[in-house]
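Trainee: Need a 3D model of the following:
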Amino acid sequence: MSNETLIGSVNKGNEAFFIADYLKKNNKCSLLYIARDEKEIFDIKSKIEWLIPTVEILIYRSWDQIPYDSVSPSREIQSERINTLYKIYHNKNQNIVISSVNAILQKTINVDFIKNNFIEIFLNKKINFEQLINKLIYLGYQRTSVVREKSEFAIRGSIIDIFLSDRIKPIRIDFFDQNIETISEFDRLTQKTTKKIYENILITPSSELLINKKSLNLFRKSFREIFSEYRHSQIYNLFSNSIIPSGGENFLPLFNESLSTIFSYCLNYHIILNNDFENLLDMRIENINDFFKAREEGGDNFHLPPEKLHLNYKIIQNNFNNFSIVKLYEYNLNKEINFKINKLPNLSSIR
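Mentor: Okay, the predicted model is just below:
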């Protein structure tokens, strides 16, 4: 590809130093780094925070369950993904998105989802108390008696407690009539208020699968077109009764007229690929296909084919044609650029 740059001598563990150097030399661009796995995502993040503390770093991980498993991805992961896409879409400042091979293969929510499913709250905002509760349920928050975990909310009189995925502590919203009187942080163990909050708060969806009458009708229509024996599907019957089954997120494409990809959000970004990218991509695509075949061979025929949920190798390469791509190699490259790392002070504090 003419838009591809090859960089040699980037040893495993030194990628963050190359990213920092690249960003300084290209100080007007944003970057998407595709890491090997989740461990590397957080390793790169911690190093870049130390090397370039002024740059915003966003995390975009894959669902934390096996493909085609009847277990749902965690609410925290889903909410984190949604929050990252929201920030990419709305924030035009320079940033670094750190993702993984598994994550970029997975299709995701489209821009309409980002535009229509967020709630901004602030002091003295007039908002209908009951409508807010219904909206929280629609956005995937689970009502409990006491808020302990992320994506939970509880109601006590005119107070709503909620734990947002992008906050360290849950927040308490106190209403007077239909106005927000105070917003505070509180300790999830003691339930005691710790400090007042005066800035605006964005309540993000905690699930990528949101169900309303329109999306449910779309699901039922699409499911019947794909599976002629739909009446025998427990998934179909549960969804038809407005019950989200465990692992129901695997049917996300049927609830949406279209899905998007991380590449559709990261327009004009430069993409940096880890030096194991090709092998990891091939392995992941093979694993996804194997999981699908195993379900079919086991007699479980009510699953969407891989192309409904994931990209394939050809689509990935076609997407890359629209970006400036930097491919990293561990070994020295003849007639190409080789990275030279400058001597740095003791880095034990960021390991």
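Trainee: where's residue 180 relative to residue 156, distance?
Mentor: Note on residue 180: its distance to residue 156, by CB to CB, to the nearest Å, is 15 Å. Where C-beta positions appear, they are placed from N, C-alpha and C, glycine not excepted.
Trainee: Who has more neighbours out of the two?
Mentor: The neighbour comparison of residue 180 against residue 156 (other CB atoms under 10 Å) goes to residue 180, with 20 against 12.
Trainee: what about that one, which SS state?
Mentor: The three-state assignment at residue 180 reads strand, by DSSP: H, G, I helix; E, B strand; the rest coil.
Trainee: can you list the domains in this protein?
Mentor: Following automatic domain parsing, one gets these domains for the chain: 37-43+52-75+87-106, 114-203.
Trainee: In the chain, what residue spans correspond to helices?
Mentor: Taking DSSP state H as the test, the helices found in the chain are 15-25, 38-51, 75-90, 101-105, 111-116, 129-138, 213-226, 234-240, 262-265, 277-297, 306-309, 313-320.
Trainee: what packs against the last one?
Mentor: Pointing back at helix 313-320 there. Helices and strands touching helix 313-320, as assessed by 3 or more CB pairs under 8 Å, 6 or more residues apart in numbering; DSSP states H and E, comprise helix 277-297.
Trainee: Check the longest one too.
Mentor: When contacts are defined as 3+ CB pairs under 8 Å, 6+ apart, helix 277-297 packs onto helix 101-105, helix 306-309, helix 313-320.
Trainee: which ones are touching residue 132?
Mentor: Residues in contact with residue 132 (CB atoms under 8 Å, 6 or more residues apart in numbering) are 119, 160.
Trainee: center of this structure, which residue is that?
Mentor: A centroid search over the chain (CA atoms, centre = their mean) returns residue 81, at 1.6 Å, as the residue closest to the centre.
Trainee: Please look at that residue and residue 64 and confirm they touch.
Mentor: No: look at residue 81 against residue 64 with CB atoms under 8 Å: they stay out of range, at 10.6 Å.
Trainee: Out of the domains of the chain, flag the one nearest residue 311.
Mentor: If you check each of those against residue 311 by CB to CB, domain 37-43+52-75+87-106 wins as the nearest, at 5.3 Å.
Trainee: from the chain's centre, how far out does the closest one sit?
Mentor: Relative to the chain's own centre, domain 37-43+52-75+87-106 is displaced by 5 Å; criterion: CA atoms, centre = their mean, to the nearest Å.
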